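A.B. asks: From the sequence below, what's the structure:
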Amino acid sequence: MRLCFLVFLGALLTQSAVCAQSLDPNDWMNDLPTTGRIWSILENQAPWIVTEPLDSAGLQTGTLPYFAALGASWTENQILLNRFNITDPYIPGRPLIDPHLAELTAIEIQTIAKTPAWAGSGSAVELRTVQPFEETAGSAQVFFSGNALQRDSIHSEQLQHVIDASFTAGGRLGGKVPFVAAGFTQDLSKTLDGFSETIDGNAYGVLAQAVPYIQGDTRLEILGALQHLFNSHAGADPLTAPDATTRDTQDSQIVQLRGQKGKLEAGFGIVHAHVSSAFQNNAGDSILDLPERRLSGSAPLSSEGGRSRIEAYANTQKTYNRHNLNFDASYAWNAISNQWAGHTQHIFANGVEEQTLRWNEPADTSVHFQNIGLSAQDVWKPFDRLVMTAGLRFGVAAGGGISWTSLDPEITATIRVAEKGPVLIGSWSRYSHLMQGRYLDFGNTGTPAGGVYSGNTLVSRSGGAYSSIDQHLKQPYTNEIAVGAEQQFSNSWMIGVRFFRRDDHHLIGLQNTGVPFSTYLATTVLDPGNDGIEGTADDAELLLYNRDPTTFGHDFFVLTNPDGLANRCKGLRIYMEKAFANNWEFAASFVAMKSSGTTNPGNSVLQNDAGVIGTLGIDPNTLVLAQSTTYFDRGFIAKLTALHRWSNGFRVGVVARYYDGLPFARMLFVQGFNQGPFFVRATPRDNFPDGFRTEFNATLDVRASRQFGRWTVLADAFNLLDLNRNTRESDLTGPLFSSRIPILTQAPFALRLGLRWRF
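C.D. replies: This is a model prediction of the structure:
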């Protein structure tokens, strides 16, 4: 298959020349291998960002990957569409709409020294939609890949087919109103090793934008968009039976109204999404088998609800002398509704039923909160070689018993030490963390409540009815400092380095005030070590905690700022860029980082993250080795993109990526304690000195295209080297642990063919 791709590439290169075409503004998205989704751009172009999972060959169609940078929580990301926030208000970090690249003309990513207008300590990803056309024009394209176009190997995921079709067209409605429309449809079918059913995913959407009024420096724009996402088996996993997954859908609608008069810009927008995570056809109970953590029967919970945000903003600029002032104001009203249904879950340990989890379903909630943001930034150039930037953001987040007010300053200095010498850069910023709508579940009697039973005895309980929010809950914040230097060697070549450090404060977690730590009895447990065999040289003792049976059923959880929670990250980025010249461009970056965070037990993206509220702090066993490397810290990250354009219309784009492995802890399964079976970390999450990482992950993707007048033929090769590195490994203590048994691996080499028509 790889040979076929190289033959195809050579055939295109040797065709007769055609007239060179002018480049579109978004050719950087068209000439690199992508899956048509913004996640490809984040994977390829954003040096700091790690996505989970990689959207290789379109295998994640119908799902929204997680992403993070610089050790920040994925819940701290903001995604914006034309300046409007389209992030999920319930658990921020992922968008309520997932635009196709055919609908976009630019993607801007801010991570370090962010503009004060953007909230949160994570990355700000701003998407700009295609602008209405002055003249009739457009394009349509279709991509296809299937089982016959990929390597049949031992990779965990295998593609059956993926189809990606999209269009963009516009002109003047009635000969007067500039207009553009864009739409797409994507359809996926794949298999997963160890999962007995085919997984289907699809997405489709349409976007339309018009400029009904233009007069001098006054302009009014209207946008509307619809989108549908579907995943037939959300949570599909080799350890999860098909009936124990859920059928996930997300239907989204967006309306935006934006106006501009001179340097004043204002907008009003509404985004709404209906989200559903439904049971499969099986209506039976859920079964969890420990210690393997195999899930069968049905899923334990399903949910359905709505996410809405009504938002308004205004922005203006003022320039005088050597100052450039920018002022922003925004207001957002966020509404969240959820309905849950649950199935009884039977928990088995080594084939014997130990406990039963029962829900008081159905449960129904409706909450809302508000955000206000005011920011000002001054870019001052006192001397030709010195630029000073100072900004301040005032923020308010309030709702459901939480009220936060914040002031976030930002200072940046840029100085050129000589006329052709290096540019030195330094910055200090503070970022207040985002309000998560999920916080409002605590103390809300409408949220699900559950009890864990041993026979007829209630052992523990949880849920809205058995929780509250600390009246003095503080808003977390992050302090960031960065220094660096850049050197321009010519009009096209530049190299730079940036060092950074970030520290989180006042992180949010849980305390079980109904069952204080003093009611637990310290107990020594034998850890058989990495070989899982007792009596060998790597045996060790762990100090764990046995619950007093008289406290059973007394649990009461408080959402608060526990002492000792911390998250910090430091590192550097080295980068080199060659701007477009002599028909080619190039960019490369290398990131080295080290993070340390206090996170929940477990190794998944929904556990090993400082912003995820989980089981951390509910009992002393959850704090064992809790301080360690966070999920999105890959240690070393390298990315390279290169693009060459020939005068005969032939183009080749290359993307190479390298990530260190995923950090994980060896988990020890513990039985015989009063509270029932549980897992505890037996090692830190890291590769030094006693932790572990999966194998490094590396990919090489190539796009070859050839333009023939209005037509372009394209071929994408994903994972051209067909590496088969483990992306997830078994973390369970036992004799097989040292074998590093893979649970998931990189997607295989796949060839994706495309055809584009422009008019």
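A.B. asks: What ranges in the stretch 451-600 of the chain fall below the confidence cut-off?
C.D. replies: Low-confidence segments of the stretch 451-600 of the chain (pLDDT under 70): none present.
A.B. asks: mind listing the strands in it by residue range?
C.D. replies: With DSSP state E, counting those that start in this stretch as the definition, the stretch 451-600 of the chain shows strands at residue ranges 457-463, 467-469, 477-488, 493-505, 509-512, 520-527, 540-547, 557-560, 567-581, 584-598.
A.B. asks: ok, which stretches of the stretch 601-750 of the chain are strands?
C.D. replies: Taking DSSP E, counting those that start in this stretch as the test, the strands found in the stretch 601-750 of the chain are 627-628, 636-645, 650-659, 663-664, 667-670, 678-681, 692-693, 697-708, 711-718, 726-729, 742-745, 750-758.
A.B. asks: what pLDDT, on average, does the third one get?
C.D. replies: I take that to be strand 650-659. Along strand 650-659, the predicted confidence averages to a pLDDT of 95.
A.B. asks: And the contacts of it?
C.D. replies: Contacts with strand 650-659, where a contact means C-beta atoms under 8 Å, 6 or more residues apart in numbering, come from 9, 12-13, 15, 31-33, 43-44, 50, 634, 636-645, 696-707. All C-beta atoms are positioned from the backbone trio N, CA, C, and that covers glycine.
A.B. asks: Just the buried ones from those residues, in PyMOL syntax?
C.D. replies: Typed into PyMOL, the line below selects the buried ones among these, using 16 or more other C-beta atoms under 10 Å:
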select buried, resi 9+12+31+32+33+43+44+50+634+637+638+639+640+641+642+643+645+697+699+700+701+702+703+704+705+706+707
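A.B. asks: for stretch 726-742, which positions count as buried?
C.D. replies: Within stretch 726-742, the residues that count as buried by 16+ other C-beta under 10 Å are 726-734, 737, 742.
A.B. asks: can you list these in TSV and add pLDDT and distance to Trp359?
C.D. replies: As requested, the buried residues of stretch 726-742 are exported to TSV (pLDDT from 0 to 100; distance: C-beta to C-beta, whole Å):
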residue	pLDDT	distance to Trp359
Asn726	92	35
Thr727	92	33
Arg728	92	29
Glu729	93	32
Ser730	93	30
Asp731	94	28
Leu732	96	27
Thr733	95	30
Gly734	93	32
Phe737	92	34
Pro742	91	34
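A.B. asks: any chance of the residues you listed in JSON lines, plus distance to Thr185?
C.D. replies: Conversion of the buried residues of stretch 726-742 to JSON lines gives the following (distance: C-beta to C-beta, whole Å):
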{"residue": "Asn726", "distance to Thr185": "33"}
{"residue": "Thr727", "distance to Thr185": "28"}
{"residue": "Arg728", "distance to Thr185": "31"}
{"residue": "Glu729", "distance to Thr185": "36"}
{"residue": "Ser730", "distance to Thr185": "38"}
{"residue": "Asp731", "distance to Thr185": "38"}
{"residue": "Leu732", "distance to Thr185": "41"}
{"residue": "Thr733", "distance to Thr185": "46"}
{"residue": "Gly734", "distance to Thr185": "46"}
{"residue": "Phe737", "distance to Thr185": "44"}
{"residue": "Pro742", "distance to Thr185": "33"}
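A.B. asks: Which of those sits closest to Asp378?
C.D. replies: Nearest to Asp378 among these is Thr727, at 45.3 Å by C-beta to C-beta.
A.B. asks: With Val591 as the reference, measure out to that closest one.
C.D. replies: For Thr727, the distance to Val591 (C-beta to C-beta, to the nearest Å) stands at 19 Å.
A.B. asks: Run a quick neighbour tally on the nearest residue to Arg710 once chain neighbours are set aside.
C.D. replies: Leaving aside its chain neighbours, Arg710 sits nearest to Arg758 (5.1 Å; criterion: C-beta to C-beta, 6 or more residues apart in numbering). With neighbours defined by other C-beta atoms under 10 Å, the count for Arg758 comes to 16.
A.B. asks: Show me the beta-bridge partners of Arg758.
C.D. replies: With DSSP bridges as the criterion, Arg758 is bridged to Ser139.
A.B. asks: Quick one: closest of the strands of the stretch 601-750 of the chain to Leu424.
C.D. replies: Distance to Leu424, taken as C-beta to C-beta, is lowest for strand 636-645 among the strands of the stretch 601-750 of the chain, at 24.3 Å.
A.B. asks: quick check: angle from the closest one to strand 567-581?
C.D. replies: Comparing the axes of strand 636-645 and strand 567-581 via axes from the mean of the first three to the mean of the last three C-alpha atoms, to 10 degrees yields an angle of 20 degrees.
A.B. asks: Could you list the paired strands of strand 636-645 along with their orientation?
C.D. replies: Applying DSSP bridges to the sheet, strand 636-645 is found paired with strand 584-598 (antiparallel), strand 650-659 (antiparallel).
A.B. asks: And the average pLDDT for it is what?
C.D. replies: In this model, strand 636-645 has an average pLDDT of 94.
A.B. asks: what are the phi and psi angles of Pro684?
C.D. replies: The main-chain torsion angles of Pro684 are listed as degrees, to the nearest 10 and equal phi -70, psi 170.
A.B. asks: Report how many residues lie close to it.
C.D. replies: Pro684 is surrounded by 21 other residues when neighbours are defined as other C-beta under 10 Å.
A.B. asks: List the residues that contact it.
C.D. replies: Under the criterion of C-beta under 8 Å, 6+ apart, the neighbours of Pro684 are 625, 627-629, 665, 690-691.
A.B. asks: okay, who's weakest in those by pLDDT?
C.D. replies: Minimum confidence in those sits at Asp690, scoring 74.
A.B. asks: Correct me if wrong: that one contacts Thr683.
C.D. replies: Yes: in this structure, Asp690 sits in contact with Thr683. The criterion is C-beta atoms under 8 Å, and the distance is 4.9 Å.
A.B. asks: A strand includes Asn282, no?
C.D. replies: No: counting by DSSP: H, G, I helix; E, B strand; the rest coil, Asn282 falls outside a strand, being coil.
A.B. asks: re the thing from before, show me which of Asp690 and Thr683 is the more surrounded one.
C.D. replies: Using other C-beta under 10 Å, the more surrounded residue of Asp690 and Thr683 is Thr683, with 22 against 14.
A.B. asks: picking up where we left off before, what two of the contacts of Pro684 are the furthest from one another?
C.D. replies: Gln627 and Asp690 (13.3 Å).
A.B. asks: Next SSE downstream of the helix or strand containing Phe179?
C.D. replies: Phe179 belongs to strand 177-192 when elements are defined using DSSP states H and E. Counting by DSSP H and E, the next helix or strand C-terminal to strand 177-192 is strand 195-215.
A.B. asks: Just the buried residues of that next one, please?
C.D. replies: With the criterion 16+ other C-beta under 10 Å, strand 195-215 contains buried residues 195, 199-211.
A.B. asks: Toward the C-terminus, what is the element adjacent to it?
C.D. replies: The C-terminal neighbour of strand 195-215 among helices and strands, as given by DSSP H and E, is strand 218-234.
A.B. asks: hey, where'd the strands end up in the stretch 251-400 of the chain?
C.D. replies: The residue ranges that make up the strands of the stretch 251-400 of the chain, judged by DSSP E, counting those that start in this stretch, are 264-279, 286-290, 294-297, 301-320, 323-342, 345-349, 352-359, 363-383, 386-399.
A.B. asks: Select, out of these, the one closest to Gly443.
C.D. replies: Of all the strands of the stretch 251-400 of the chain, strand 363-383 sits nearest to Gly443, with 10.8 Å by C-beta to C-beta.
A.B. asks: ok, Tyr545 - contacts?
C.D. replies: 517, 520-523, 619-621.
A.B. asks: Sounds good, over and out.
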